[in-house]
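1. quick one: sequence and predicted model below, then my questions.
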Amino acid sequence: MIFKSIRWRLQMWYGLILVGVLAGFGFTAYQLQRGKQFRRIDDEIQRRVGELASAMRLPPRREPGRPANRPGEGFPDGPESGRPGSPPPPRQGPFEGEPPEIMDRAPKEFHLRPQQMSLFDESDTNAFYYVVWARDGRELGRSANAPRALPIPVHTATLAPSAPRMRDGFREISLSTPPGEILLAGRSVALELRDLRRTSWLLTGTGSGILLLGLAGGWWIATRAIQPIDEISSTAVQIAAGDLSKRINASDTDSELGRLAGVLNSTFARLEAAFEEQKQFTSDAAHELRTPVSVVLTQTQMALTRERTAAEYRETIESCQRAAQRMRGLIESLLELARFDVGQEQLKRVRFDLSRTAQDCIDLVCPLAEERHVNIQTDLPPVDCTGDPARLGQVITNLLTNAIHYNKLDGNVRLSARPENGSATLSVTDTGEGISSEDLPHIFKRFYRADKSRTRGRTGLGLAISKAIVESHGGTLQVASQPGEGTTFTLKLPID
């Protein structure tokens, strides 16, 4: 379960990266400190090995009765000796250019000059020490602080110091002379090793503290990052259980999960609104169908209770027919809305004159206008647009019917059309009682009727169907109204 958790996987990956970075940093810092200390010690030891090598240089053998440093023989005592005007001999290191008879001679004993002795403090066990062996393995000399039972180093080359070696807490460098003597200088590095151990523990402790702090911070960050996911899951479970009013607490709207929570909240809001509309739609549809069904059942039951005349039977059948026609109209309207909802309604896309279509609609509703003594005024210059003229004529007819039906006696209806900013605009204005501000936002909802007392025989689906037709054309249908002054519906359609 731990490896399936996003939080734990993030934490483990973050921890591995942090451990790798800290381990690499600590190892590098330790090696740099160690190398710096040992290089300093190695330089000091090599300097002392060089002094031991210079002390091993033997003076030239003199023959009895011969003066020392005769021109052309032996070693000069200084740069001034030799033949007059001859340049001083080149500077040579220990054992370089020695005569074979001297290189073959083995010293009997080994002594350091006072200046060289100052490099080896024999009273300090942690100071530098030296040991010198002859070719046969005899010790020619050693400092008092040199460790006992030192093994003789093995050399494969002469005049080249060996690589530094570590032995039981001692750092040592040796040198082999051409005659075969072995020179060794070294020093105890116990203090340095103790400092390095302290440094390693300090680095380990500091790294462990940083690791714990980093893991705690990583856990806190991962928890905050995953928290919206937990809230999303919890809210989704509650919504799935039926509580559609729940929302995700999206306080951090700038992060990716915060934006996701905002999108989900809007989706949940639309889902809740859709469920509410569905419940209201089901209730309204049942209410609308219940009335004609009740009429049919009542009329048939009355006709079946006793024998009736032909005229009474005819009246009953006509009443049932009217109820059936009402149900058929309602069912057709519902099917039409359902087709628009799923995008299955086929619409024509032809170029036509919107004003001509509006004029045809006026001719269709003129009998109703004359019946209610409503005067229709027009301002219909030619306006071209693209769409289905039959469907758009249905919209205009519905708007005109509503304007006449909800108008006052001897009222006026004005129908105007004009091109405007790349759109074809058509307005239907009446002089009726208007729509209240509370009802105006709901006027296009299905089965919604603002004035229940004046809508007998009307389903409340006309404006919903009209809005669906207009939006399927890429247009808009808007309403503006002032109570007591009238209502204006504005239809806008794209010209192309």
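-> That came in fine, so what should we check first? Numbers count the residues shown, from 1 in each chain.

2. next, count neighbours for the closest residue in space to residue 415 that isn't next to it in sequence.
-> Once flanking residues are discounted, residue 415 sits nearest to residue 378: 5.1 Å by CB to CB, 6 or more residues apart in numbering. Yep, even glycine has a C-beta here, placed from its N, CA and C like the rest. Residue 378 is flanked by 13 other residues according to other CB atoms under 10 Å.

3. same check on the one 4 residues further on?
-> Under the neighbour criterion other CB under 10 Å, residue 382 is assigned a count of 10.

4. and residue 478, what pLDDT?
-> Predicted confidence (pLDDT) for residue 478: 91.

5. circling back to that earlier point, give the pairing partners of the host helix or strand of the residue nearest to residue 415; include direction for each.
-> For residue 378, the element it lies in under DSSP states H and E is strand 375-379. Within its sheet, strand 375-379 is paired with strand 412-420 (parallel), according to DSSP bridges.

6. ok, residue 257 touching residue 228?
-> Yes: Residue 257 is within contact range of residue 228, at 4.0 Å (criterion: CB atoms under 8 Å).

7. the bottom helix or strand of this structure by mean pLDDT?
-> helix 100-103 (a mean of 47; mean pLDDT, DSSP states H and E).

8. that older thread, avg pLDDT for the strand holding residue 378?
-> Strand 375-379 comes out at a mean pLDDT of 91.

9. likewise stretch 43-61?
-> Mean pLDDT, stretch 43-61: 77.

10. and if you look at stretch 428-445?
-> pLDDT averaged over stretch 428-445 gives 86.

11. just the terminal-to-terminal distance for it.
-> Start-to-end span of stretch 428-445 (CA to CA, to the nearest Å) is 19 Å.

12. again with stretch 181-198
-> 39 Å.

13. next, the buried residues of it.
-> Neighbour-count burial for stretch 181-198 flags 181, 182, 183, 184, 185, 186, 187, 188, 189, 192, 196 (criterion: 16 or more other CB atoms under 10 Å).

14. which residues of the stretch 151-300 of the chain score low on pLDDT?
-> Residues of the stretch 151-300 of the chain meeting the criterion pLDDT under 70: 156-159, 250-255.

15. and residue 352, backbone torsions?
-> In terms of degrees, to the nearest 10, the main-chain angles of residue 352 are phi -150, psi 170.

16. correct me if wrong: it contacts residue 391.
-> No: proximity of residue 352 to residue 391 does not meet the contact threshold set by CB under 8 Å, at 11.3 Å.

17. quick one, strands of the stretch 151-300 of the chain?
-> 165-167, 170-176, 182-188 (DSSP state E, counting those that start in this stretch).

18. ranges for the helices of the stretch 1-150 of the chain?
-> Ranges of helices within the stretch 1-150 of the chain are 6-55, 100-103, 114-117, based on DSSP state H, counting those that start in this stretch.

19. present these as CSV; the columns should include distance to residue 321.
-> Shown next, in CSV, are the helices of the stretch 1-150 of the chain (distance: least, CB to CB, whole Å):
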stretch, distance to residue 321
helix 6-55, 66
helix 100-103, 141
helix 114-117, 136
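
20. which of the ones you listed sits most buried?
-> helix 6-55 (a mean of 15; mean count of other CB atoms under 10 Å).

21. what angle do that one and strand 170-176 make?
-> 40 degrees (axes from the mean of the first three to the mean of the last three CA atoms, to 10 degrees).

22. counting contacts, what elements does helix 6-55 pack onto?
-> helix 114-117, strand 128-133, strand 170-176, strand 182-188, helix 190-240 (3 or more CB pairs under 8 Å, 6 or more residues apart in numbering; DSSP states H and E).

23. what pairs with the second one, parallel or antiparallel?
-> Next to strand 128-133 in the sheet, as set by DSSP bridges, lie strand 139-142 (antiparallel), strand 182-188 (antiparallel).

24. for the longest one, which outside residues touch it?
-> Going back to what we said before, that points to strand 182-188. Contact partners of strand 182-188, identified using CB atoms under 8 Å, 6 or more residues apart in numbering, comprise 41, 44-45, 48-49, 52-53, 56, 125-133, 146, 150, 152-153, 155, 169-177.

25. which members of those residues are classed as buried?
-> 41, 44-45, 48-49, 52-53, 56, 128-133, 146, 150, 153, 155, 170-177.

26. just the helices in the stretch 301-450 of the chain please.
-> Under DSSP H, counting those that start in this stretch, the stretch 301-450 of the chain gives helices at 310-342, 354-371, 389-405.

27. so of those helices, which one's packed in deepest?
-> helix 389-405 (a mean of 21).

28. what average pLDDT does that one get?
-> The average pLDDT within helix 389-405 is 90.

29. and it, C-alpha only, in PDB?
-> The C-alpha trace of helix 389-405 is given here as PDB (Å, rounded to 0.1, in the frame of the first residue of the first chain):
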ATOM      1  CA  PRO A 389     -35.800  29.800 -42.700                       C
ATOM      2  CA  ALA A 390     -38.600  27.400 -41.500                       C
ATOM      3  CA  ARG A 391     -37.100  27.000 -38.100                       C
ATOM      4  CA  LEU A 392     -36.300  30.700 -37.700                       C
ATOM      5  CA  GLY A 393     -39.900  31.400 -38.900                       C
ATOM      6  CA  GLN A 394     -41.100  29.100 -36.000                       C
ATOM      7  CA  VAL A 395     -39.100  31.300 -33.600                       C
ATOM      8  CA  ILE A 396     -40.500  34.600 -35.000                       C
ATOM      9  CA  THR A 397     -44.100  33.200 -34.900                       C
ATOM     10  CA  ASN A 398     -43.700  32.200 -31.300                       C
ATOM     11  CA  LEU A 399     -42.400  35.600 -30.300                       C
ATOM     12  CA  LEU A 400     -45.200  37.300 -32.200                       C
ATOM     13  CA  THR A 401     -47.800  35.000 -30.600                       C
ATOM     14  CA  ASN A 402     -46.500  35.700 -27.100                       C
ATOM     15  CA  ALA A 403     -46.400  39.500 -27.800                       C
ATOM     16  CA  ILE A 404     -50.100  39.400 -28.900                       C
ATOM     17  CA  HIS A 405     -51.200  37.000 -26.200                       C
END
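
30. who are the packing partners of it?
-> Counting by 3+ CB pairs under 8 Å, 6+ apart, helix 389-405 packs on helix 354-371, strand 412-420, strand 423-430, helix 462-472, strand 486-494.

31. that one to helix 310-342, inter-axis angle?
-> Going by the same axes, to 10 degrees, helix 389-405 makes 120 degrees with helix 310-342.

32. ok, and what's touching helix 389-405?
-> Residues contacting helix 389-405 (CB under 8 Å, 6+ apart): 347-348, 350, 352, 354, 357-358, 360-362, 364-365, 368-369, 372, 374, 376, 413, 415, 426, 428-430, 432, 458, 462-463, 465-466, 469-470, 473, 477, 487, 489, 491, 493.

33. also stretch 208-222?
-> The contact list for stretch 208-222 (CB under 8 Å, 6+ apart) reads 7, 10, 11, 14, 15, 18, 19, 22.
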